[in-house]
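1. coords please:
(one chain, ligands or ions: 1)
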Amino acid sequence: MFGLVGCEQASTGFSLPVGDPTQGKDVFLSMQCLSCHEMEGFERPDGTEDKLSVTLGGKVQSLKTYAELVTSVINPSHQLAKGYALSEIQASGKSVMPVYNNIMTVEQLIDLITFLESQYELEPYTRTEYIIYR
Ligand code: HEC
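-> Below is the predicted model:
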């Protein structure tokens with residue numbers, strides 16, 4: 001089983017070319033994703049510090065697949081991020097995240113997703129150690 005984990009792209013059902021994470025970071029900054037998101041290593045724009053902030057990247061217990069990341073950008077309402085109050089992240093049943101589909105080129109999308117993917121780190125599940133008193 002362990003050997004299979006490396007070939008993430010194989011099971012996604014579609015494969016886009018590999019993007020450029022540096023360009024993707026530029027897309028991330030220029031499209032002002034940080035006005036609603038926070039990511040380690042990045043400052044949020046002035047005035048947004050106490051606004052809605054959905055964390056992207058960082059240590060996670062299960063990685064989003066490539067397809068999930070693409071979906072969350074081009075179809076934000078398909079599946080809402082977990083762990084946030086619905087009243088904050090959706091309005092009339094839709095994600096408050098804007099749809100960028102008519103302003104983002106496919107190349108920008110590819111680079112952006114490559115960048116986003118590189119920001120997640122899998123944190124191995126650690127068992128709780130129970131001390132048994134006898
Ligand atoms: C107006 C606020 C807003 C902006 C701007 C915004 N988002 Fe979001 N985003 C959200 C909210 C709210 C959610 C949680 C609801 C959902 O999953 O759609 C979210 C969810 C996401 C998720 C899924 C996170 C998860 O853990 O499931 C990704 C990935 C994402 N956004 C990427 C981006 C990127 C990339 C940009 C810039 C191109 C961006 N967002 C711009 C509000 C925003």
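2. Pro98 and the ligand, how far apart?
-> From Pro98 over to the ligand the distance is 6 Å, taken as Cβ to the nearest ligand atom, to the nearest Å. C-betas here are computed from N, CA, C, even on glycine.
3. what's near enough to touch that residue?
-> Pro76 (Cβ atoms under 8 Å, 6 or more residues apart in numbering).
4. try 10 Å
-> 31-33, 36, 76 (Cβ atoms under 10 Å, 6 or more residues apart in numbering).
5. compare those and tell me which is most surrounded.
-> Cys33 (21 neighbours; other Cβ atoms under 10 Å).
6. can you map out the strands along the protein?
-> 37-38, 54-55, 58-60, 90-91, 94-95, 120-122 (DSSP state E).
7. got these as CSV, with distance to the ligand and mean neighbour count columns?
-> Output for the strands of the chain, formatted as CSV (distance: least, Cβ to the nearest ligand atom, whole Å; neighbours: other Cβ atoms under 10 Å):
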stretch, distance to the ligand, mean neighbour count
strand 37-38, 5, 18
strand 54-55, 4, 16
strand 58-60, 8, 12
strand 90-91, 7, 14
strand 94-95, 3, 15
strand 120-122, 10, 13
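8. re the thing from before, filter the contacts of Pro98 by proximity to the ligand?
-> 31-33, 36, 76 (Cβ under 6 Å from any ligand atom).
9. name the residues that touch the lengthiest helix in the chain?
-> Looking across the chain with DSSP state H, the single longest helix is helix 106-118. Residues outside helix 106-118 that contact it (Cβ under 10 Å, 6+ apart): 8, 16-31, 33, 39, 56-57, 63-67, 69-70, 72-74, 100-101, 104-105.
10. just the CA coordinates for that helix, please, in CSV.
-> Taking Å, rounded to 0.1, in the frame of the first residue of the first chain, the C-alpha atoms of helix 106-118 are listed here in CSV:
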residue,chain,number,x,y,z
VAL,A,106,-6.2,28.4,-17.8
GLU,A,107,-2.5,28.9,-17.5
GLN,A,108,-2.9,31.0,-14.4
LEU,A,109,-5.2,28.4,-13.0
ILE,A,110,-2.7,25.6,-13.6
ASP,A,111,0.1,27.7,-12.0
LEU,A,112,-2.1,28.7,-9.1
ILE,A,113,-3.1,25.1,-8.3
THR,A,114,0.6,24.0,-8.5
PHE,A,115,1.4,26.7,-6.0
LEU,A,116,-1.5,25.9,-3.7
GLU,A,117,-0.6,22.2,-3.7
SER,A,118,3.0,23.0,-2.7
